[in-house]
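*Asks:* what's the 3D shape of this:
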Amino acid sequence: MYKIITDSGSDLPKWVQDEFDIKVLSFTVTSDEVSKKDIEIPPKELMDKMREGKSFKTSQINVSEFAEVFEAYAKNNESVIYIAFSSGLSGTYNSACVACEQIKEEYPDFDIAIIDTKCASVGHGLVVYKALLMQKDGATKEEVVAKVTEDSENMEHIFTVDDLEYLFRGGRVSRTSAILGGILGIKPILEVDDEGRLRAISKVRGRKASIKNLAEIAGERGCDLDKQLIGICHGDDMEAVLQLKQYMTDMYGCKDFFINQIGATIGSHSGPGTLAVFFLSK
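*Replies:* A predicted model of the protein is given here:
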């Protein structure tokens, strides 16, 4: 039997973690010189503090943390699949690879597959969830690795933010863009590209238009959306989730949704009002 593990960049819902008893390694979030594991920070608490003007910094999972986890599996002669957060947004995947090489010096037969999903948040979480379902249904490790790789390559991440100020704080947009966006009501539409990095793809005026544009882009890029499990995540804005869900239902007949709040690591950079949709491309 093999173990599937992941990290908190997946924003994997608590019910999934509990149902499958999956190990989730955690990033670190720091504010006012106080550091916590991001899974210890309730998403709404983070969003409320950001609205109050608090800033947060995030730290990747380091080599020693991975080495400790991997060594425990290696000692027990357990096979592992680690489904990792995008290397385009964090050095965590590389840290895992370095730790793996260290552990294999002592345990050369350690059987581990480390997969760079190039995905983030619920897009990453969807990949993990499908892998867990396959494992539950009796799929082999090789079958799961192949499917995770395929889904990762085809997972679309389209999102918008309600306030450019938070992207400015995270170094994603300029101060001028943030100010003009606030004055003009400009809402950027962004994606996580094939390299796992953030890229702006359009701009619209107004929140309602930005939510509808997410759905329109999903229709342009998606494959059989009515048959897919559609991922949605949000930065403490359930009303926007319901609007997007309604668009996806009315426009494409979508029925199955995988919804969660953005966790503390990604939320620290995107901020309150972030809304994203995840689906498999054509």
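*Asks:* Strands of the stretch 101-250 of the chain, start to end?
*Replies:* 112-116, 155-160, 186-192, 198-205, 229-234 (DSSP state E, counting those that start in this stretch).
*Asks:* tell me what the first one is packed against?
*Replies:* It refers to strand 112-116. strand 79-84, helix 92-106, helix 141-154 (3 or more Cβ pairs under 8 Å, 6 or more residues apart in numbering; DSSP states H and E). Using the backbone N, CA and C atoms, a C-beta is placed for each residue, glycine as well.
*Asks:* Comparing those, which stretch has the densest surroundings?
*Replies:* Neighbour counts (mean count of other Cβ atoms under 10 Å) averaged over each of those peak at strand 79-84, with a mean of 22.
*Asks:* quick one: that strand to helix 92-106, angle?
*Replies:* Using axes from the mean of the first three to the mean of the last three Cα atoms, to 10 degrees, the inter-axis angle of strand 79-84 relative to helix 92-106 is 160 degrees.
*Asks:* Next, the angle from strand 79-84 to strand 112-116.
*Replies:* Strand 79-84 runs at 10 degrees relative to strand 112-116, counting by the same axes, to 10 degrees.
*Asks:* Just name the shakiest helix or strand of this structure by mean pLDDT.
*Replies:* Ranked by mean pLDDT, DSSP states H and E, the weakest helix or strand in the chain is helix 175-184, scoring a mean of 44.
*Asks:* okay, now the domains of the protein?
*Replies:* Domain assignment for the chain, taken from automatic domain parsing, gives 2-153, 155-280.
*Asks:* Now do the last one: distance from first to last residue.
*Replies:* The separation between the terminal residues of domain 155-280, taken as Cα to Cα, to the nearest Å, is 5 Å.
*Asks:* Off-centre distance for it?
*Replies:* Averaged C-alpha coordinates place domain 155-280 at 12 Å from its chain's average position (Cα atoms, centre = their mean, to the nearest Å).
*Asks:* rewinding a little: want to try TSV for the strands of the stretch 101-250 of the chain, with mean pLDDT, distance to residue 139 and mean neighbour count as columns?
*Replies:* Below are those laid out as TSV (pLDDT from 0 to 100; distance: least, Cβ to Cβ, whole Å; neighbours: other Cβ atoms under 10 Å):
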stretch	mean pLDDT	distance to residue 139	mean neighbour count
strand 112-116	98	13	19
strand 155-160	95	19	24
strand 186-192	83	26	20
strand 198-205	83	32	15
strand 229-234	98	17	24
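*Asks:* got those strands as JSON lines, with distance to residue 11 columns?
*Replies:* Converted to JSON lines, those look like this (distance: least, Cβ to Cβ, whole Å):
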{"stretch": "strand 112-116", "distance to residue 11": "17"}
{"stretch": "strand 155-160", "distance to residue 11": "12"}
{"stretch": "strand 186-192", "distance to residue 11": "13"}
{"stretch": "strand 198-205", "distance to residue 11": "16"}
{"stretch": "strand 229-234", "distance to residue 11": "6"}
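*Asks:* sorry, back to before: worst mean pLDDT among the domains of the chain?
*Replies:* Per-stretch averages of pLDDT across the domains of the chain put domain 155-280 at the bottom, with a mean of 85.
*Asks:* Grab the most central residue of the protein for me.
*Replies:* By Cα atoms, centre = their mean, the chain has its centre lying nearest to residue 121, at 1.3 Å.
*Asks:* Skipping adjacent residues, who's closest to that residue in space?
*Replies:* Nearest non-adjacent residue to residue 121, counting by Cβ to Cβ, 6 or more residues apart in numbering: residue 11, 4.5 Å away.
*Asks:* Can you get me a residue count around that neighbour?
*Replies:* A total of 27 residues lie near residue 11 under the criterion other Cβ atoms under 10 Å.
*Asks:* List the residues that contact it.
*Replies:* For residue 11, the contacting residues are 121-122, 124-125, 233, 260-263, 266, by Cβ atoms under 8 Å, 6 or more residues apart in numbering.
*Asks:* Cool, thanks, talk later.
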